[in-house]
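*Asks:* here's my sequence, what's the structure:
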Amino acid sequence: LILARRSRTLRAAMGLEAGMEDDAEVKKRALKLLRLLHPDFTINHPLKGTKKHMRIEAAFKKLSCLRDASE
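*Replies:* Numbers count the residues shown, from 1 in each chain. The predicted structure follows:
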């Protein structure tokens, strides 16, 4: 969902509707997702060098950029 072309805002990338949650909750959820998607996170180490790891890295970077743009 994060890598979809229509995900141009932080809320759209996380699958949230515009008025669904307040900004603090969105930031909290984004931080949690960034921790899980971090390429050096322990659960992602076995995937290193695979196509799945490259997608995780791309999703991490896009979500990070969207979070920075929303602040």
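*Asks:* tell me the contacts of the residue nearest the centre of the chain?
*Replies:* Within the chain, the residue whose C-alpha comes closest to the C-alpha centroid is residue 63; the distance, by CA atoms, centre = their mean, is 3.7 Å. Residues near residue 63 by CB atoms under 8 Å, 6 or more residues apart in numbering: 2, 10, 13, 14, 30, 33, 34, 37. From N, CA and C alone the C-beta is placed, and that goes for glycine too.
*Asks:* next, count neighbours for the third one.
*Replies:* Counted with other CB atoms under 10 Å, the burial measure for residue 13 works out to 22 neighbours.
*Asks:* quick check: which ranges of the chain have low pLDDT?
*Replies:* Scanning the chain for pLDDT under 70 picks out no residues.
*Asks:* ok so, going back, and the residue nearest to the centre of the chain, which helix or strand is it part of?
*Replies:* Assignment of secondary structure by DSSP states H and E places residue 63 within helix 51-70.
*Asks:* report the buried residues of that helix.
*Replies:* Buried residues in helix 51-70, counted by 16 or more other CB atoms under 10 Å: 56, 57, 59, 60, 62, 63, 66, 67.
*Asks:* nearest to residue 25 among these?
*Replies:* Among the buried residues of helix 51-70, residue 67 lies closest to residue 25 (CB to CB), at 13.6 Å.
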